[in-house]
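S.K.: Sequence and computational prediction follow.
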Amino acid sequence: MSIKSIHGVGATQWVARIFYPTVVCAVLLLAGCEFGFTLPTATPTHSATGPTVAPSPTLFIPTPGIDSPNTIGDIGQNDLTAASLPSRSGLPPLAVGTESAGNVQSVQITAEDGAMLLGDLYQDPTRAVRLPGILMLGPNRTGWGDFPALLRDSGFTVLVMEMRDPSIINQQDFAAMMQALSETGSVNPGAIGVIGAGVGADAALLGCSADAMCDTVVLLSPTNGDLLQNALPTYNPRPLMLSASRDDAAAFAVVSTLGEAAAGEILLQPFDSAGRGADILRNRADFGELVIAWFTRHLLGT
């Protein structure tokens, strides 16, 4: 077969039959010819690029002091104290409602998971200096009687909190409570003590073992001996005060064991039959005075 002939067609003719139609098609394509598709239009269409949401007919601008906070968001969103805090720091307790008689304010604390923890804040507004803070933790915040007020009148700012679930010790909740107390304007964050009752005593020692802000802790009728023995080495050598009734055999065994294992200053106050947990403070007024003296010495240094 001749190099100039392919199937009887000259090489030059073959190139022309293949190459020229291809070039013509490419030119026509660039010119906008239709070969199974449509070239984009020069003007954007409304359905592809136009706005889909109409603007609001009016703009609401709240007037401070006139419009209800509920119309512009939750109370506390514009709190200047919160705005001045560094990133990732805790917020002070958020006041709820009006302050009740006796300088007691119901408060909320935001937990790590966003849950709102309820408590009561006892502080003396006449004090011009920051005072040591006391966190009181128990199954409920109403079982302490008048002891929180006695602590406040003795020179402390007191935050009374209750556990979200008395059957579960939540260390994240404890950390949020301590952080909120330390951010309270009337509290000296360098002097904070904790007192816990029942399962609240377990949470107090477990939480304090992991929190350097806790300077001393008082445990009333703790319940979980194994848990607290494991936490005590981390808490040591900070001072520890313990109390339980002998007729509460389980709690008495726990405080006896902790008293022997404590490496710092220890005060163990047993009773024959003074009740359990916060009931000891109501049944033995002299014990309340002893607790106040303990906090005064270790937090006020007097």
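M.R.: In hand now; what should we look at?
S.K.: how does this protein divide up, domain by domain?
M.R.: According to automatic domain parsing, the chain is divided into the following domains: 5-47, 88-300.
S.K.: Spell out the residue ranges of the strands in the stretch 201-302 of the chain.
M.R.: With DSSP state E, counting those that start in this stretch as the criterion, the stretch 201-302 of the chain has strands at 214-220, 240-245, 266-271.
S.K.: that older thread, name the stretch among the domains of the chain that sits most buried.
M.R.: Compared across the domains of the chain, domain 88-300 shows the largest average neighbour count, a mean of 19 (mean count of other CB atoms under 10 Å). C-beta here means a position set from N, CA and C on the backbone, and glycine is covered the same way.
S.K.: rewinding a little: going by mean pLDDT, which of the domains of the chain comes out lowest?
M.R.: Within the domains of the chain, confidence is poorest for domain 5-47, with a mean of 47 (mean pLDDT).
S.K.: about what we covered before: would you mind giving the strands of the stretch 201-302 of the chain as TSV with distance to Gly190 added?
M.R.: Listed next are the strands of the stretch 201-302 of the chain as TSV, based on distance: least, CB to CB, whole Å:
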stretch	distance to Gly190
strand 214-220	8
strand 240-245	19
strand 266-271	22
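S.K.: what ranges do the helices span in the chain?
M.R.: Listed in chain order, the helices of the chain (DSSP state H) span residues 11-30, 46-49, 80-83, 147-153, 171-183, 199-209, 225-235, 249-261, 279-283, 285-295.
S.K.: For Val218, which of the ones you listed is the nearest?
M.R.: With CB to CB, the closest approach to Val218 among the helices of the chain belongs to helix 285-295: 5.8 Å.
S.K.: neighbouring contacts of that closest one?
M.R.: Helix 285-295 is contacted by residues 132, 134, 147, 150-151, 154, 156, 193, 195, 216, 218, 239, 241, 243, 267, 269, 271, 274, 280-281 when judged by CB atoms under 8 Å, 6 or more residues apart in numbering.
S.K.: Surely Asp113 and Asn170 touch.
M.R.: No - counting by CB atoms under 8 Å, Asn170 is not a contact partner of Asp113; they are 9.3 Å apart.
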